[in-house]
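Engineer: Could you look at this predicted model? Sequence included:
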Amino acid sequence: MMLFFNAQAEDLKPGDPAPAFELTDQHGKMHHLSDYQGQWLVMYFYPKDDTPGCTSEACEFRDDFVTLRGMDVSLLGVSLDDVKSHKEFAEKYHLPFPLLSDRTGEVARAYGALWKLGPIRFARRHTFIIDPQGHIAKIYRSVAPKTHSDQVIQDLENLLSGQ
């Protein structure tokens, strides 16, 4: 896996270039930040597949996926779980968007979403809206799983209308 980033994760703010990434999804397909050049991207980090809060958040994004696609916005979920876990999670809940496996935690670290306590590591529930030029437009460091998708859509509507 290759990772390139310019800013320190804890210093990331709207307007900064989004850290580049190269991660595999639940179907074995490689994704790069550059694949989304020219379009809006929502990239959400979550702790663990098939846990209550993560399932709630993923299903809310699933239910709003048509709305996001209608806005020409791509959606990626990212956790430290492996590809097999992502595949099972996506199939179980009929998730129509890629779930990226960040096994090393390097991408989560670059985005300031890696949490470590001794041997325990997972991605914090953080979300980033990335603009078509690859810059961070919005950062969510505090997320309520059941209402987050609605909040993201509302903020995207404001961003897309230039507010």
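Structural biologist: Arrived safely.
Engineer: The worst-scoring helix or strand of the chain on mean pLDDT: what's the following helix or strand?
Structural biologist: One helix or strand of the chain scores below all others by mean pLDDT, DSSP states H and E: strand 114-117, with a mean of 91. Downstream of strand 114-117, the first helix or strand assigned by DSSP states H and E is strand 120-123.
Engineer: Mind giving me the packing neighbours of that next one?
Structural biologist: strand 73-79, strand 114-117 (3 or more C-beta pairs under 8 Å, 6 or more residues apart in numbering; DSSP states H and E). Every C-beta, even on glycine, is put in place using the N, C-alpha and C of the backbone.
Engineer: Check what contacts the last one and list those residues.
Structural biologist: With contacts defined as C-beta atoms under 8 Å, 6 or more residues apart in numbering, strand 114-117 is touched by 9, 47, 105, 108, 121, 122, 123, 124.
Engineer: Name the nearest residue to the fifth one, ignoring sequence neighbours.
Structural biologist: In this case it means residue 121. residue 105 (5.5 Å; C-beta to C-beta, 6 or more residues apart in numbering).
Engineer: That neighbour: what's it in contact with?
Structural biologist: Residue 105 neighbours (C-beta under 8 Å, 6+ apart): 80, 114, 116, 121, 123.
Engineer: Grab the two from the contacts of strand 114-117 that are most spread out in space.
Structural biologist: Pairwise distances across those peak at 17.0 Å for 9 and 47 (criterion: C-beta to C-beta).
Engineer: okay, these two: which has more neighbours?
Structural biologist: A count of neighbours by other C-beta atoms under 10 Å puts residue 47 above the other of residue 9 and residue 47, at 18 against 14.
Engineer: Pretty sure that one sits in a strand.
Structural biologist: No. Residue 47: not assigned to a strand; according to DSSP: H, G, I helix; E, B strand; the rest coil it is coil.
Engineer: Need the winner for burial among the helices and strands packed on strand 120-123.
Structural biologist: strand 73-79 (a mean of 23; mean count of other C-beta atoms under 10 Å).
Engineer: Which strands and helices lie in contact with the next helix or strand after that strand?
Structural biologist: Once the chain leaves strand 73-79, the next helix or strand it forms, by DSSP H and E, is helix 83-92. If you count contacts as 3+ C-beta pairs under 8 Å, 6+ apart, helix 83-92 packs onto strand 22-25, strand 99-101.
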